[in-house]
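Participant: From the sequence below, what's the structure:
(2 chains)
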Amino acid sequence: MAKEYKTLKTEIRLPYELSYGPVWTRFFEGMREKKIYGTKCEKCGRILVPARSFCPRCFVDTNAWVEVAQTGKLTAWSYINYRYFGMPTEPPFIGALIRLDGTDVDFLHLLGGIDLADLDKVRGIVHNGMQLKAVWQEERIGHILDLEHFAPV
Amino acid sequence: MGRAVGIVGVGQTHHGKRMEISYPDLVREAVVRVFEDTGLSPRDIDGVVSGTMPSMMEGIALTHFYFADAMQAVGKPILKTETCGSTGVSIAHTAYYWISSGMADCVLAVGHEKMNEGDAQATMTTVVEPFYQRFFIAGAPGVFSMQSQMWAERYGIPQEKIREAAAHISVEHHEAAFANPYAHMKIHVTMDDVKNARLITYPVRLLDVCPTSDGACAVIFMSEEKAKQLGRPVAWVKGVGYRGEEYFFGDSDKGVWQSAVGAAKQAYDQAGIKNPRKELDVAEVYNPFTFQEMLFYECFGFCDLGQSPDLVLKGVFDRTGELPCDPSGGTLCTNPIGATGLVRVAEAALQVMGRAGDHQIAGAKLALSHAMGGVDQFNGVMIVGSEL
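Facilitator: Residues are numbered from 1 along each chain as shown, chains lettered A, B, ... in the order given. Coordinates of the predicted model:
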């Protein structure tokens, strides 16, 4: 058997303070009030959500605020069945892309409100194009997880 | 394109869980091998370019300084190129640009990672900001699975068929890895093993996913004039392509992955390739996930959209098929991330030089290599050929 060599156990803990800036601050203030904000690009006409300070395609400022619908259609999903650092909740859970009604990009969040224990049952319920609506946490702190998940209508 | 550039030799570590060796010594293992392979020495090198995944992987920042000695970079210009999963192809591109521009004649490119020293999944989450997306990417497999699901549903591919095709890829690549002396995972798996493996992120199961590997790869690029003086087989760079997408995952269409389509098209245009499936002899597609590999086949024009599972099941992309993909076992069997893209380039180069050993595709003259990254925002391609 090959000799085992020593390893060094070490750790780095670094504190950060990340700036939201004005646009993201307003978006997360909206979260606290159960509102989802987007911004509209006046050049290409797209409504972007979450709100952006500029349109990534047109590279112009997006100053037009829009409170977007809390309903939408499922674009893609994955049933996540393993634990990872920073996971939003205990697995299994469903990561989802949702096209909120009236918007022009997909919103990345969770699909919930159904029994997730059995994947086969989940596959019978969850399908792209299904209608979903936002479900909020009782206590909200201005965070992306103030939205608990999107549930079938 | 600028001056012609060729790959004259490669060196790889034996990839795997390498806790018996320090990180600099692991890097040196690959560098020593590329010098042995080419007969060149550090004094022949004009510049060094290296790269890794995010430095959090091993907890040491700016490793090109840490590895300056192991890469014999002292007294030479040194660069680090870092584009997440596509780092390895970006390193190759950097070396190519350096020589093609006329600023150097001989560049050492080194990719490296020691994933077992840290928490690879946690490191992957740090690629994404913690305001909006970090929670939901599921350490990378989550978003890739979503992408595969979106693609399968769009083209109406039945779940059973795509599952069967993905299992075929897993079995084929795991078998192929036995012929590659440097591959990490060497296990025989059956279709049933793959289909019944532990579920990670549906539809991806354990044997649809790459391992966590330690490894390094070194490649020497040379100008035409210098390469020809060596009097040995050269893999000539025929085309390079790279594309990025918008940051937010939901902003761009991942079902037809535009950065993959665009990167391949740029490389094909340079190489004069019109029908990739006919003209390419072999491809080293970056395939950490079986399902994603099929998406790449389509984005690279190996077949029409939605058609890849049928062709996979017919064996078109097997080692004995019309266009063998990943005869090295690919990323699915070996993934030291910062090295992985460069391993794809190295394997493609070995194939067109006729030096791939037991996994040589007979008569290979034109090969595609590829890597993607960031988390799924970037794609890079390098095409190499046996003739200038």
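
Participant: where does chain A have low pLDDT?
Facilitator: Flagging of chain A using pLDDT under 70 yields the residue ranges A:1-2.

Participant: hey, which strand is longest across it?
Facilitator: strand A:71-80 (DSSP state E).

Participant: Please identify the buried residues of it?
Facilitator: Across strand A:71-80, burial judged by 16 or more other Cβ atoms under 10 Å in any protein chain shown covers A:72, A:74-80. C-beta coordinates here come from the backbone N, C-alpha and C atoms, glycine included.

Participant: Which one of the residues in chain A is closest to chain B?
Facilitator: Closest contact between chain A and chain B, by Cβ to the nearest Cβ, is at A:Asp106 (3.0 Å).

Participant: That residue reaches B:Gly250, doesn't it?
Facilitator: Yes: A:Asp106 is within contact range of B:Gly250, at 3.0 Å (criterion: Cβ atoms under 8 Å).

Participant: Just send the buried residues of strand A:71-80 back as CSV, with distance to A:Lys6 too.
Facilitator: Putting those into CSV (distance: Cβ to Cβ, whole Å) gives the following:
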residue, distance to A:Lys6
A:Gly72, 54
A:Leu74, 51
A:Thr75, 49
A:Ala76, 46
A:Trp77, 45
A:Ser78, 40
A:Tyr79, 41
A:Ile80, 36
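
Participant: Run through the residues that contact the spatially closest residue to A:Pro50 that is not a sequence neighbour.
Facilitator: The shortest distance from A:Pro50 to any non-neighbouring residue, by Cβ to Cβ, 6 or more residues apart in numbering or on different chains, is to A:Phe27 (5.2 Å). The contact partners of A:Phe27, by Cβ atoms under 8 Å, 6 or more residues apart in numbering or on different chains, come to A:37, A:50-51.

Participant: hang on, the earlier thing: looking at the buried residues of strand A:71-80, which one is closest to B:Phe378?
Facilitator: A:Ala76 (19.6 Å; Cβ to Cβ).

Participant: neighbours around the residue of chain A closest to chain B, how many?
Facilitator: Neighbours of A:Asp106 under the rule other Cβ atoms under 10 Å in any protein chain shown: 26.

Participant: which of the residues in the helix or strand encompassing B:Ala260 are buried?
Facilitator: Taking DSSP states H and E as the criterion, the element that holds B:Ala260 is helix B:258-271. Under the neighbour-count criterion of 16+ other Cβ under 10 Å, helix B:258-271 has B:258-268, B:270-271 buried.

Participant: which one among the residues you listed gets closest to chain A?
Facilitator: B:Gln258 (12.2 Å).

Participant: Does chain B have contacts with stretch A:140-152?
Facilitator: Yes: applying Cβ under 8 Å from any Cβ of the partner chain, one finds stretch A:140-152 touching chain B at A:144-145.

Participant: distance between the ends of that stretch?
Facilitator: One end of stretch A:140-152 to the other measures 22 Å (Cα to Cα, to the nearest Å).

Participant: That stretch: which residues count as buried?
Facilitator: Those would be A:140, A:144-150, for stretch A:140-152 by 16+ other Cβ under 10 Å.

Participant: and the residues you listed, which of them are in strands?
Facilitator: Short answer: these in strands (DSSP E) are A:147-150.

Participant: Just the strands from the chain, written as ranges.
Facilitator: By default, I'm working from chain A. A:37-40, A:47-48, A:64-67, A:71-80, A:93-100, A:107-111, A:131-136, A:147-152.

Participant: wrong chain, I was asking about chain B
Facilitator: Going by DSSP E, chain B shows strands at B:5-12, B:47-51, B:78-80, B:106-114, B:199-202, B:204-205, B:214-223, B:235-244, B:282-284, B:366-373, B:378-385.

Participant: could you give the angle of the fourth one to strand B:366-373?
Facilitator: Spelled out, that is strand B:106-114. 50 degrees (axes from the mean of the first three to the mean of the last three Cα atoms, to 10 degrees).

Participant: Adjacent strands (with direction) for strand B:106-114?
Facilitator: Strand B:106-114 sits in its sheet next to strand B:47-51 (parallel), strand B:214-223 (antiparallel), going by DSSP bridges.

Participant: Same check on the fifth one?
Facilitator: In its sheet, strand B:199-202 lies beside strand A:71-80 (antiparallel), strand B:204-205 (antiparallel), with partners assigned from DSSP bridges.

Participant: Report the mean per-residue pLDDT for that strand.
Facilitator: Throughout strand B:199-202, pLDDT has a mean value of 93.

Participant: Show the contacting residues for the residue of chain B found nearest chain A.
Facilitator: Of chain B, the residue with the smallest distance to chain A, taken as Cβ to the nearest Cβ, is B:Gly250 at 3.0 Å. Applying Cβ under 8 Å, 6+ apart to B:Gly250 gives the contacts A:75, A:97, A:99, A:105-108.

Participant: among these, which two are most distant?
Facilitator: A:Arg99 and A:Leu108 (11.2 Å).

Participant: Isn't B:Lys249 up against B:Gln133?
Facilitator: If you look again at residue B:249, you'll see it is Phe, not Lys. Yes: assessed by Cβ under 8 Å, B:Phe249 is found in contact with B:Gln133 at 6.2 Å.

Participant: which of those two has more neighbours?
Facilitator: Counted by other Cβ under 10 Å, B:Phe249 and B:Gln133 do not tie: B:Phe249 has more neighbours, with 26 against 21.

Participant: Looking at A:Arg99 and A:Leu108, which has the bigger crowd around it?
Facilitator: More neighbours surround A:Leu108 than the other of A:Arg99 and A:Leu108, with 25 against 19 (other Cβ under 10 Å).

Participant: The more buried one pairs with what?
Facilitator: The partner residues for A:Leu108, given DSSP bridges, come to A:Leu97.

Participant: Return the residues in contact with it.
Facilitator: By Cβ under 8 Å, 6+ apart, A:Leu108 lies in contact with A:95-98, B:132-133, B:136, B:248-250.

Participant: Setting aside sequence neighbours, what's the nearest residue to B:Phe291?
Facilitator: Closest to B:Phe291 by Cβ to Cβ, 6+ apart is B:Ser148, at 3.7 Å.

Participant: From B:Gln12, how far off is B:Pro203?
Facilitator: According to Cβ to Cβ, to the nearest Å, B:Pro203 and B:Gln12 sit 31 Å apart.

Participant: ok, those two, which is more surrounded?
Facilitator: For B:Pro203 versus B:Gln12, neighbours defined as other Cβ under 10 Å are more numerous around B:Gln12 (29 against 22).

Participant: partners of that one in the sheet?
Facilitator: Beta bridges link B:Gln12 to B:Cys217, judged by DSSP bridges.

Participant: Count the residues that sit near residue 24.
Facilitator: Defaulting to chain A. For A:Trp24, using other Cβ under 10 Å, the count is 19.

Participant: that answer is for a different chain, and I need it for chain B
Facilitator: B:Pro24: 16 neighbours (other Cβ under 10 Å).

Participant: Fine by me, we can end here.
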